[in-house]
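J.: take a look and give me a structure for this.
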Amino acid sequence: MENFAPEAASSSTPTSKAFTGYQKFVIAVLAFLQFTVILDFMIMSPLGALMMPALRISPSQFGVAVSVYAFAAGASGLIAASFADKFDRKKLLLTFYVGFLVGTYLCAFAPTYEFLLFARLVTGIFGGVIGAIAFAITVDLFAIELRGRVMGILQTAFSASQILGLPAGLYISNIWGWHAPFVMIATLGVFAGLLIAIKMRPVTEHLKLQKKENPIKHLFSTLANRRYLIAFGTTALLSIGGYLLMPFGSAYTVNNLKIAMSDLPTIYLVSGIASIAIGPLVGKLSDTLGAFRMFIVGTVIGTIMVLIYTNLGPSPLWLVIIVNVVMFMGIFSRMIPAQAMMSVIPEAKNRGSFMSISSSLQQIAGGVASVAAGHIVVANADGSLGHFNTLGYVMVAIALIALACMYKIHKMVANKMKR
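T.: Numbers count the residues shown, from 1 in each chain. You can find the predicted model right below:
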């Protein structure tokens, strides 16, 4: 039986509860990198209201355009899992990030729906693995008692993409077309890549623990670890919920809730500002009160708000903003503690492989959810979306199953920390 003792902090992992100057830099640069990757994915949803008529495609076709990124990322993640622990994580991060930027530029110049699918495929192959590598770097460099705070801070990249990215992207898309936001993202990404290349130190502590093992064998040994399987499955469940609603969020807001397209940036702006405060707070509470307790709170808030949101009719802007803010509060209160608990599961020697497989399953599950959502939702004659509330009911059911799974993971983490 494998040793399941608590991981020891490496020489680069201070155990005090204060961040070093270099750790602050790492958090900042990874958050900026995540900002560009998250924005690249998230921008598809608000642009949907523009892209579907511009490209003359149906909701199901748009769902495929969203999910092709996820399927490509899933396949790439599985392949990357076989060698993710064999290289300096900094070099691996830069390699995949360059590929991501190339794919994003291809999206910017896509003239047709078919070319857009190809561009999203390329972006997914490289972009889908970046989060896993960044997550592995975070776990390598930060002791467990700091990880909730780190995850909370990194989640501000999600908020920043709403505050700065989505409103800016929607604004320039209204002037220069839906291609323009991808130029903006790729250009910002060049600066993030240069900063990592110049300032970040190599991340190689994990290489000291590696055995001479065939990459494929390394992949399957990680997949075969029974302790990891429930974590993989739970990660997939958590991903499905987000992908069910996200692709059609803007179309639902405009056509069902009767919010003007020009008001979408305001919704994203206010929600993002609120999320910047919520993320670090949830991370701190997760470290002090317990990650699983915060996950329960997030599940309760999230399920209630999803049911309200997906059953709304034409609504005033202020109500839609409030519902979105509280719903994001529930999402963050699940996402951040879940990541903190998951970070304890893998051993240092196969952490990169574990993260890559988790990312892969997350993306594949999300792709399936996007395609399923595209077939559940229908476009009515007046442009509104039908059966959107069905997505809410499915999401709540999945959230409850995920809660049961997270309870088992909570027990695993507690047992590991005792040994």
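
J.: give me every residue that touches Phe332.
T.: By Cβ atoms under 8 Å, 6 or more residues apart in numbering, the residues touching Phe332 are Gln155, Ser275, Ile278, Gly279, Val282, Gly298. C-beta: built from backbone N, CA, C; applies to glycine.

J.: and the host helix or strand of it, what's buried?
T.: Using DSSP states H and E, Phe332 sits in helix 317-342. Judged by neighbour count using 16 or more other Cβ atoms under 10 Å, the buried positions of helix 317-342 are 317, 320-342.

J.: and for stretch 260-277?
T.: Applying 16+ other Cβ under 10 Å to stretch 260-277 flags Leu264, Pro265, Ile267, Tyr268, Leu269, Val270, Ser271, Gly272, Ala274, Ser275, Ile276 as buried.

J.: please save the CA atoms from it in CSV.
T.: Output of stretch 260-277 as CSV, limited to C-alpha atoms (Å, rounded to 0.1, in the frame of the first residue of the first chain):
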residue,chain,number,x,y,z
ALA,A,260,-30.9,45.0,-23.6
MET,A,261,-27.7,43.8,-25.2
SER,A,262,-26.1,47.2,-24.2
ASP,A,263,-26.8,46.3,-20.5
LEU,A,264,-24.9,43.0,-20.6
PRO,A,265,-21.6,44.7,-19.7
THR,A,266,-23.2,46.2,-16.6
ILE,A,267,-24.3,42.8,-15.4
TYR,A,268,-20.8,41.3,-15.9
LEU,A,269,-19.2,44.4,-14.4
VAL,A,270,-21.2,44.4,-11.1
SER,A,271,-21.0,40.6,-10.8
GLY,A,272,-17.3,40.7,-11.3
ILE,A,273,-16.7,43.5,-8.7
ALA,A,274,-18.7,41.5,-6.2
SER,A,275,-16.7,38.3,-7.0
ILE,A,276,-13.4,40.0,-6.4
ALA,A,277,-14.5,40.5,-2.8
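
J.: on that earlier part again, now render the buried residues of stretch 260-277 as TSV, adding pLDDT.
T.: Formatted as TSV, the buried residues of stretch 260-277 follow (pLDDT from 0 to 100):
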residue	pLDDT
Leu264	81
Pro265	76
Ile267	85
Tyr268	77
Leu269	78
Val270	83
Ser271	79
Gly272	74
Ala274	81
Ser275	74
Ile276	74
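
J.: out of these, which is nearest to Phe71?
T.: For these, the minimum distance to Phe71 (Cβ to Cβ) is 26.3 Å, reached by Tyr268.

J.: surely that closest one meets Pro167?
T.: Yes: Tyr268 is in contact with Pro167 according to Cβ atoms under 8 Å; the separation is 5.7 Å.

J.: OK, contacts around Ser173?
T.: Ser173 touches Leu47, Leu50, Ala180, Pro181, counting by Cβ under 8 Å, 6+ apart.

J.: number of residues surrounding the second one?
T.: Burial of Leu50 is recorded as 17 neighbouring residues (other Cβ atoms under 10 Å).

J.: which residues touch it?
T.: By Cβ under 8 Å, 6+ apart, the residues touching Leu50 are Ser173, Trp178.

J.: the same query, at a cut-off of 6 Å, please.
T.: For Leu50, the contacting residues are Trp178, by Cβ atoms under 6 Å, 6 or more residues apart in numbering.

J.: against Gly177, how distant is it?
T.: Distance of Leu50 to Gly177, computed by Cβ to Cβ, to the nearest Å: 8 Å.

J.: cool, the first one as well?
T.: Leu47 is 10 Å from Gly177, where distance means Cβ to Cβ.

J.: same drill for those two, tell me which one is more crowded.
T.: Legend: neighbour count by other Cβ under 10 Å for Leu47 and Gly177, higher for Leu47 (22 against 13).

J.: not counting its neighbours along the chain, what's nearest that one?
T.: The shortest distance from Leu47 to any non-neighbouring residue, by Cβ to Cβ, 6 or more residues apart in numbering, is to Trp178 (4.9 Å).

J.: okay, and that neighbour sits in which element?
T.: Using DSSP H and E, Trp178 is not contained in any helix or strand.

J.: got phi/psi on it?
T.: Main-chain dihedrals, Trp178, degrees, to the nearest 10: phi -70, psi -20.

J.: may I see the contacts of Phe332 organised as CSV, with secondary structure and distance to Val190 added?
T.: Formatted as CSV, these follow (DSSP: H, G, I helix; E, B strand; the rest coil; distance: Cβ to Cβ, whole Å):
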residue, secondary structure, distance to Val190
Gln155, coil, 24
Ser275, helix, 26
Ile278, helix, 30
Gly279, helix, 26
Val282, helix, 32
Gly298, helix, 35
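
J.: export these as a markdown table, with columns for distance to Ser356.
T.: Listed next are the contacts of Phe332 as a markdown table, based on distance: Cβ to Cβ, whole Å:
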| residue | distance to Ser356 |
| --- | --- |
| Gln155 | 20 |
| Ser275 | 27 |
| Ile278 | 28 |
| Gly279 | 24 |
| Val282 | 26 |
| Gly298 | 25 |
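
J.: with respect to Pro59, which of those residues is nearest?
T.: Among the contacts of Phe332, Ser275 lies closest to Pro59 (Cβ to Cβ), at 27.0 Å.
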